[in-house]
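>>> Predicted model and sequence follow; I will ask about them next.
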Amino acid sequence: MVATETAAAPRPAFKPVTLTDAAAARIRDLIERADKPIVGLRIGIKTKGCSGMSYDIEYAEEKGKFDELVEDKGVTVLIEPKAQMYIFGTEIDWVEDKLQSGFVFRNPNEKGRCGCGESFHV
């Protein structure tokens with residue numbers, strides 16, 4: 001009798017961050033409007049605010065040596081090395097309402113936010 005092996009289905013690749021359709025559209029728009037060639041947006045963490053950290057987004061002209069590369073929905077996001085352990089697992093959205101618009105980070109690593117919502121802690 002010969003034992004048969006069943007091949008396991010390949011696991012989907014882990015994405016450190018995911019983008020909503022609205023976020024991807026906004027990133028695509030920003031890349032198209034940039035006044036110089038860029039490869040995508042770079043996400044980092046800055047030390048500031050009441051809770052200690054805030055998200056920082058800037059144009060990326062090239063991939064840094066240790067940046068984490070995320071390609072999702074046709075756009076490229078780079079994550080700075082210092083930010084990686086704080087934002088892995090985060091969903092990034094773009095939200096517009098009557099009073100404001102901006103990227104929203106749904107980060108499962110956050111343990112709290114300051115009252116104004118500009119900074120967080122893990």
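Okay, I see it. Numbering: from 1, shown residues only.
>>> Do a quick rundown of the strands in this protein.
Secondary structure of the chain (DSSP state E): strands located at 17-19, 40-47, 53-60, 68-72, 75-79, 90-96, 101-106, 112-113, 120-121.
>>> among those strands, which is nearest Ala34?
Proximity to Ala34 (Cβ to Cβ) singles out strand 53-60 among those, at 5.7 Å. Yep, even glycine has a C-beta here, placed from its N, CA and C like the rest.
>>> Go through that closest one and flag the buried ones.
Neighbour-count burial for strand 53-60 flags Met53, Ser54, Tyr55, Ile57, Ala60 (criterion: 16 or more other Cβ atoms under 10 Å).
>>> For the residue nearest the centre of the chain, which non-adjacent residue is closest in space?
By Cα atoms, centre = their mean, the mean C-alpha position of the chain lies nearest to Val17, the distance being 4.7 Å. With sequence-adjacent residues excluded and distances taken as Cβ to Cβ, 6 or more residues apart in numbering, Val17 is closest to Thr90, at 4.8 Å.
>>> The closest residue to Glu62 other than its chain neighbours and Val70: what is the separation?
Counting by Cβ to Cβ, 6+ apart, the nearest residue to Glu62 once its immediate chain neighbours are dropped is Val39, at 6.1 Å. Applying Cβ to Cβ, to the nearest Å, the value for Val39 to Val70 is 12 Å.
>>> now the buried residues of strand 53-60 as a markdown table including pLDDT?
Listed next are the buried residues of strand 53-60 as a markdown table, based on pLDDT from 0 to 100:
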| residue | pLDDT |
| --- | --- |
| Met53 | 80 |
| Ser54 | 84 |
| Tyr55 | 85 |
| Ile57 | 91 |
| Ala60 | 95 |
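>>> From what I see, Ile27 and Val77 are in contact.
Yes. At 7.1 Å, Ile27 and Val77 qualify as touching, with contact defined as Cβ atoms under 8 Å.
>>> So which of these two has more stuff around it?
More crowded of Ile27 and Val77, by other Cβ atoms under 10 Å: Val77, with 26 against 23.
>>> Let me know the pLDDT of the closest residue to the more buried one other than its chain neighbours.
Leaving aside its chain neighbours, Val77 sits nearest to Val70 (4.5 Å; criterion: Cβ to Cβ, 6+ apart). Looking at Val70, its pLDDT stands at 91.
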